[in-house]
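*Asks:* structure for the following, please:
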Amino acid sequence: MNGVRIIKKLPLRQWRSFSRCSILQQEVVQAAAPLTVPVPEGVDKPVSPKIEKLVADISNLNLLEVSELSQVLKKRLNLPDAPVMPVGGFSMAAPAQEEEEAAPKAVKTNFTVKLTKFDEKQKVALIKEVKNLLEGFNLVQAKKFVESAPTIVKADISKDEAEKLKEALSKVGAVIEIE
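*Replies:* Sure, this is the predicted structure:
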């Protein structure tokens, strides 16, 4: 009661500053209230009651109602229809058999050139040739490449290119296999 009597005796100017302070204090308290502590990793994030209610309602729907819900949401949100994948893979069984029969008739178009071994006397010439034939190799990389034989020189190349590589490397003492 004494606090109220003191406020009544205050002049109007002091009363205004007192009310402004109390309003500012209320705004500060309200602004600080929305801050929440972040949820640590590995712990489920709390869900709002509105979302929880929606999940419960949707989980109680039968298949026809879910289908209707899906169609309505697609129309309202302008979502495209997603392609339906076949279940069980029954449609894929027949083409697989046809591919197996066609495989032996296919002609091999991609070849791999492999350096199996090399003549030690012509090692320097082989390193220089590898540096010139393979892009992005300097002398140190070419030396390590040659010394790591057997190794693949190039993979997935045409037959003509594989023959040219074999001929060029065979001239400088390399033993080359084309697979």
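*Asks:* got the residue ranges for the helices in this structure?
*Replies:* 2-9, 12-32, 49-59, 63-77, 90-102, 123-133, 139-147, 159-171 (DSSP state H).
*Asks:* rank those by pLDDT, which is bottom?
*Replies:* For the helices of the chain, the weakest mean pLDDT is recorded on helix 90-102, namely a mean of 53.
*Asks:* check the gap between the residue nearest to residue 131 when sequence neighbours are not counted and residue 126 for me.
*Replies:* Spatial nearest neighbour of residue 131, excluding adjacent residues (Cβ to Cβ, 6 or more residues apart in numbering): residue 142 at 4.1 Å. Every C-beta, even on glycine, is put in place using the N, C-alpha and C of the backbone. Shown here: residue 142 relative to residue 126, a distance of 9 Å by Cβ to Cβ, to the nearest Å.
*Asks:* quick check on the two: which one has the bigger neighbour count.
*Replies:* Using other Cβ atoms under 10 Å as the criterion, residue 142 and residue 126 rank with residue 126 on top: 23 against 19.
*Asks:* per-domain residue ranges of the chain.
*Replies:* Taking automatic domain parsing as the criterion, the chain consists of the domains 2-32, 50-80, 111-178.
*Asks:* contacting residues for the residue nearest to residue 131?
*Replies:* Taking Cβ atoms under 8 Å, 6 or more residues apart in numbering as the criterion, residue 142 is in contact with 127-128, 130-131, 134.
*Asks:* also residue 150?
*Replies:* The contact partners of residue 150, by Cβ under 8 Å, 6+ apart, come to 114-117.
*Asks:* that older thread, nearest to residue 75, of the contacts of residue 142?
*Replies:* Residue 75 lies nearest to residue 134 out of those, by Cβ to Cβ, at 58.4 Å.
*Asks:* might one say that that closest one is in contact with residue 151?
*Replies:* No. Using Cβ atoms under 8 Å, residue 134 is not in contact with residue 151; the gap is 11.3 Å.
*Asks:* quickly list what's touching both of those two.
*Replies:* Any residue near both residue 134 and residue 151 by Cβ under 8 Å, 6+ apart counts here, and that gives residue 145.
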